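Q: Fold the following, please.
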Amino acid sequence: FGEAIATEKTNSNGEATFSNVKVADLLKYLSDEAIEGKDDYEDAFKEIKLPFRAVVTAAEGYAVPVGQTITANIINDQNGEIVIELIPSASTDLVKRIYGDTRFDTSVEVAEKLYANANELGANQVNLPEADPLNGKKTVILANGMDFPDALTANGLVKYYDAPILLTDGNKLAPSVEKFIKDYDVEGVIILGGTAAVNPALESALEKQGLTTTRLFGDNRYGTSAAVAQRIASLNGGKLPMIDVKEANVDTKFQAFVASGMDFADALVASVPAAIYGAPILLTAPNAVPAETTKVINDYKVVSGIVVGGDAAITPATYTNLNIATKERIYGENRQLTSMRVAERFFPQAGSAFVAGGLRFPDALVGGALSAEKEAPILLSNSANLTPAVKDYIVKHKITDVVILGGTNAVSTNVQGQLNAAVLEASK
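A: Numbers count the residues shown, from 1 in each chain. As a prediction, the model looks like this:
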């Protein structure tokens, strides 16, 4: 035979049901019986002589995505045996995307992935004292999505408040954000950034809706990252706790991450472990350590830290001037390789990964919490073509669950197809 007898699309469970008339024709041919109803199928199959019985096979443990085309082929007629095999064909559907029409809508998409319903929001708050006005309240974190610093440093808070990060343009809420707040019965909002980042009028509007608001801010992005660190310390007995991560026989101890405040890439990949462990991301200028960052390091006795990014992001002199007794720099030759170094250190066994564009931040801003929930790294790629090292990383580490953060402007359909091919190769 050697020809396709049926082609079907998979359903929401990744299953394909073959009911093509050609199957009936095949049974009729082999059994020489008329196929008219359900019982006829069973009777006809029983009458087929054993060497001619059709066998349907599928790869053990292979999850076929929704909408995938699967073809049943008769692939072997040796010794009179006919085998029908289900063959998943290559498709970009293997690699999904999370995105909305705008960066604000994307933040809602991510929040809805994190929390299936209102009952889940805020159900697992950690270390909140009774005096905290948001203790026991369904809370969201609101940050300006027109720039990156505040939204990324907010990831250190998500563990404690069990809250998603939603984005605003600073003056108003997008309809999708307003709907999320209403549908999820949100009671409290942590506002990140000063009045230049989030307008006081927006804060007042939220309060008039009955929401409890708390604003964490400084005079600039460095001051706001310091304010987040101070809040984390207040939730841990007035100190930044020592975090001890043991992965792949490497013991990593740290109290804070340090990343450049002038570009998003390094802080983005650090946002995932920051969200998992409730660690602050302190921002620094490339050529000098800001006073606000130094004050946090000194006030909270930060003696161990992870600096993310190479010499171009944070110069050797700035690295030396960080008053942290034990510090380690995790970096690669570029931002894509730096993302892989962070992944190797904190997620060496991950079977999942999120991929973001290395040059555009909006859609990826809120990905840290979702990646943390899946304990999966964020890998950065070029927009037009998949970075070869990222492809090699996915295949080497057998990563078979890949999700793109953002639309096609951030990560092209070409990259999606190349990721699909990498996942198929990793599945072998």
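
Q: Report the contact partners of the residue nearest the centre of the chain.
A: By C-alpha atoms, centre = their mean, the chain has its centre lying nearest to S371, at 3.4 Å. Counting by C-beta atoms under 8 Å, 6 or more residues apart in numbering, S371 touches 271-272, 275, 354, 377-378. (C-beta placed from N, C-alpha, C; glycine too.)

Q: top of those residues by neighbour count?
A: Ranked by the number of neighbours (other C-beta atoms under 10 Å), the contacts of S371 place S271 first, at 33 neighbours.

Q: ok, now how distant is it from Y393?
A: For S271, the distance to Y393 equals 19 Å [C-beta to C-beta, to the nearest Å].

Q: hmm, back to that, how about the residue nearest to the centre of the chain: what's its closest non-neighbour residue?
A: The spatial neighbour of S371 that comes closest, neighbours along the chain excluded (C-beta to C-beta, 6 or more residues apart in numbering), is V272 at 4.4 Å.

Q: Go ahead and confirm the one you found touches L379.
A: No. Between V272 and L379 there is no contact under C-beta atoms under 8 Å: 10.5 Å.

Q: shaky segments in this structure?
A: Low-confidence segments of the chain (pLDDT under 70): 1-93.

Q: that older thread, return the distance of the host helix or strand of the residue nearest to the centre of the chain from the chain's centre.
A: Per DSSP states H and E, S371 falls inside helix 367-373. Here helix 367-373 is found 5 Å from its chain centre; the criterion is C-alpha atoms, centre = their mean, to the nearest Å.

Q: My guess is D266 contacts A313. True?
A: Yes. With contact defined as C-beta under 8 Å, D266 counts as touching A313 (5.6 Å).

Q: Now for those two: what residues contact both?
A: Shared contacts of D266 and A313 (C-beta under 8 Å, 6+ apart): 259-260.

Q: higher neighbour count, those two?
A: Set D266 next to A313 and count neighbours by other C-beta under 10 Å: D266 wins out with 28 against 23.

Q: Confirm that L379 sits in a strand.
A: Yes. Under DSSP: H, G, I helix; E, B strand; the rest coil, L379 sits within a strand.

Q: Next, the contact list for G278, please.
A: Going by C-beta under 8 Å, 6+ apart, G278 touches 126, 156-157, 159-160, 232, 235.

Q: Let me know the closest of these to A426.
A: Proximity of the contacts of G278 to A426 (C-beta to C-beta) peaks at K159, which lies at 29.7 Å.

Q: any idea whether the closest one is helix, strand or coil?
A: helix.

Q: That one against Q125, yeah?
A: No. Applying C-beta under 8 Å as the test, K159 and Q125 come out as separate, 9.1 Å apart.

Q: Tell me which stretches of the stretch 151-300 of the chain form helices.
A: Ranges of helices within the stretch 151-300 of the chain are 155-161, 175-183, 200-208, 221-234, 265-277, 291-299, based on DSSP state H, counting those that start in this stretch.

Q: Need the residues that contact the second one.
A: Which is helix 175-183. Here helix 175-183 has contacts from 100, 104-105, 107-108, 111-112, 118, 140, 166-168, 173, 186, 209, 211, using C-beta under 8 Å, 6+ apart.

Q: Please point out which parts of it sit buried.
A: 176-177, 180-181 (16 or more other C-beta atoms under 10 Å).

Q: May I have it exported as PDB, CA atoms only?
A: The C-alpha trace of helix 175-183 is given here as PDB (Å, rounded to 0.1, in the frame of the first residue of the first chain):
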ATOM      1  CA  PRO A 175      -9.500  48.000  29.100                       C
ATOM      2  CA  SER A 176      -8.100  44.500  29.500                       C
ATOM      3  CA  VAL A 177      -6.300  45.500  32.700                       C
ATOM      4  CA  GLU A 178      -9.400  47.100  34.100                       C
ATOM      5  CA  LYS A 179     -11.300  43.900  33.300                       C
ATOM      6  CA  PHE A 180      -8.800  41.700  35.000                       C
ATOM      7  CA  ILE A 181      -9.000  43.800  38.200                       C
ATOM      8  CA  LYS A 182     -12.800  43.600  38.100                       C
ATOM      9  CA  ASP A 183     -13.000  39.900  37.200                       C
END
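
Q: now that helix, how far from the centre of its chain.
A: 22 Å.

Q: again, but for stretch 334-352
A: 13 Å.
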